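**Student:** when you get a sec, could you give me coordinates for this:
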Amino acid sequence: MTDPLRTVMVERLGCLYPIIQTAMGWVAEPSLVIASCEAGAFGFLGAAVMTPGEVDRKLLAVRQGTDRPFGVNFHFFQPGADEIVELIISNKEQVRAVSFGRGPDAKMISRFKEAGILCVPTVGAVKHAVTMQKLGADMVNVQGGEGGGHTGSVPTTVLLPQVLDAVKIPVIASGGFADGRGLAAALAFGAVGIAMGTRFLLTTESPVPDNVKAAYLKAGTGDIVVTTRLDGIPQRMVRTKLLDKIEHSGKIGLWLRALEAGIELRRQNSQSWPQMFKAARQMVSHGEAPLRQAMLAATMPMLIQKAMVHGDLEHGVMATGVVGGRIEEIPTCQELVERIMAEARSRLAVLRGTA
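**Tutor:** Take a look at the predicted model:
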């Protein structure tokens with residue numbers, strides 16, 4: 001009998017199990033990518049918040065830590081994107097896939113494909129999945145509204161079947177997954193695997209500071225909200241004192257926060273103000289956002305970095321999926337993946353009547 005857990009995703013990505021560790025900024029660092037890949041999942045390095053120099057060093061770190069294939073996530077509009085593309089292609093012996101959101105074109109996707117690197121974009125709408133298929137994407141990761149960070153309004157249980165009906169390429173499900181029951185359900189829908197962010201964030205090998213992990217574990221589903229006050233686009237976050245303060249900020253307060261973070265962003269990346277404005281505008285509405293919204297978009301990486309890297313919950317924010325509200329412990333990646341696979345096999349056996 002064919003193993004239902006050995007899907008086309010497993011065969012194409014070269015991982016052991018149909019589970020993806022998603023690319024979260026400042027979280028999907030080499031330690032987490034190595035651990036998830038060694039556990040049998042497919043890990044993505046979160047290069048969207050990295051400079052080309054950092055990408056170069058961290059690609060090497062992952063390759064030194066595991067001989068298993070892995071992926072890289074980046075934005076086509078981020079500073080140094082062209083250099084990052086070259087770095088990815090130069091590591092094609094082990095980098096099996098790239099992921100991204102808005103910004104790619106058929107020419108760039110074709111270039112990756114010619115190098116033998118699969119393109120697995122993340123989308124939150126049916127029309128975007130159809131567009132990615134037309135551009136030549138190999139697979140598509142569909143994130144339902146339950147997902148963390150920037151998110152849409154359509155639940156995974158509605159969006160997933162819509163996309164499955166609309167495209168012919170393999171579809172991966174994300175948004176609300178944390179266990180083997182979810183994996184079995186995704187496969188029953190017709191997906192070829194699941195992708196998880198928040199669940200991998202809360203593992204031993206995740207580089208997130210312990211006090212921040214503790215705050216995630218403390219948060220229930222009622223403590224997780226969607227806000228548009230951070231950069232004008234809906235984002236799902238853990239409710240904190242800072243987020244409450246931002247929610248009640250007036251226009252002047254928002255501008256002050258944007259300028260403060262903009263100064264810090266310039267200091268870290270050595271960008272000019274025009275370069276920063278251009279990159280920020282491209283982050284929202286394909287460059288058509290008003291200046292204030294673009295400036296607010298520029299603050300977001302800094303706010304997340306303060307929490308995820310420095311453990312500063314007073315001045316940082318915590319992106320999360322709704323599923324974070326029911327996570328209660330921090331296993332190793334190995335323990336997590338093994339448990340998910342055991343649960344999935346158990347559920348599938350029950351469905352087949354062989355349990």
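
**Student:** gap between Pro30 and Arg63?
**Tutor:** Distance of Pro30 to Arg63, computed by C-beta to C-beta, to the nearest Å: 9 Å. Yep, even glycine has a C-beta here, placed from its N, CA and C like the rest.

**Student:** which residues of this protein fall in strands?
**Tutor:** 19-21, 42-46, 70-73, 95-99, 118-119, 122-123, 140-143, 149-150, 171-174, 194-196, 224-227, 235-238 (DSSP state E).

**Student:** deepest-packed of these, please.
**Tutor:** strand 19-21 (a mean of 31; mean count of other C-beta atoms under 10 Å).

**Student:** show the contacting residues for Gln305.
**Tutor:** Gly25, Trp26, Val49, Gly316 (C-beta atoms under 8 Å, 6 or more residues apart in numbering).

**Student:** ugh, wrong one, I meant Arg326
**Tutor:** Here Arg326 is in contact with Ala178, Thr221 (C-beta under 8 Å, 6+ apart).

**Student:** against Ala115, how distant is it?
**Tutor:** 40 Å.

**Student:** just to revisit the earlier point, now tabulate the strands of the chain in CSV and tack on distance to Ala185.
**Tutor:** Shown next, in CSV, are the strands of the chain (distance: least, C-beta to C-beta, whole Å):
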stretch, distance to Ala185
strand 19-21, 14
strand 42-46, 19
strand 70-73, 24
strand 95-99, 22
strand 118-119, 25
strand 122-123, 19
strand 140-143, 14
strand 149-150, 22
strand 171-174, 8
strand 194-196, 9
strand 224-227, 21
strand 235-238, 21
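
**Student:** those: which one's closest to Ile84?
**Tutor:** strand 70-73 (7.9 Å; C-beta to C-beta).

**Student:** quick check: Cys333 touching Phe200?
**Tutor:** Yes. Contact criterion C-beta atoms under 8 Å: Cys333 and Phe200 qualify, at 7.0 Å.

**Student:** overlap of the contact sets of the two?
**Tutor:** Common neighbours of Cys333 and Phe200 are listed as Gln21, Leu32, Ser36 (criterion: C-beta under 8 Å, 6+ apart).

**Student:** which among those gets closest to Ala307?
**Tutor:** Distances from Ala307 to these, taken as C-beta to C-beta, are shortest for Leu32 (16.1 Å).

**Student:** tally of neighbours for the closest one?
**Tutor:** 27 (other C-beta atoms under 10 Å).

**Student:** quick one: it and Thr332 touch, right?
**Tutor:** No. In terms of C-beta under 8 Å, Leu32 does not count as a neighbour of Thr332; the distance is 11.0 Å.

**Student:** what residues do these two have in common as contacts?
**Tutor:** Contacts common to Leu32 and Thr332, judged by C-beta under 8 Å, 6+ apart, are Thr203, Glu205.

**Student:** list the contacts of the residue lying closest to Thr151 once chain neighbours are set aside.
**Tutor:** Sequence neighbours aside, Arg236 is the residue nearest to Thr151 in space, at 5.0 Å (criterion: C-beta to C-beta, 6 or more residues apart in numbering). Counting by C-beta under 8 Å, 6+ apart, Arg236 touches Glu146, Gly147, Gly148, Gly149, Thr151, Ile224, Val225, Val226, Ala319, Thr320, Gly321, Val322.

**Student:** distance of the first one relative to Gly136?
**Tutor:** Plainly put, Glu146 is 28 Å away from Gly136 if you go by C-beta to C-beta.

**Student:** which residue of the two possesses the greater neighbour count?
**Tutor:** More crowded of Glu146 and Gly136, by other C-beta under 10 Å: Glu146, with 22 against 17.

**Student:** next up, phi/psi of that one, please.
**Tutor:** Main-chain dihedrals, Glu146, degrees, to the nearest 10: phi -70, psi -10.

**Student:** could you measure from it over to Thr157?
**Tutor:** 9 Å.

**Student:** next one: Ile330
**Tutor:** 27 Å.

**Student:** give me the more crowded residue out of these two.
**Tutor:** The residue with more neighbours, out of Ile330 and Thr157, is Ile330; 19 against 15, by other C-beta under 10 Å.
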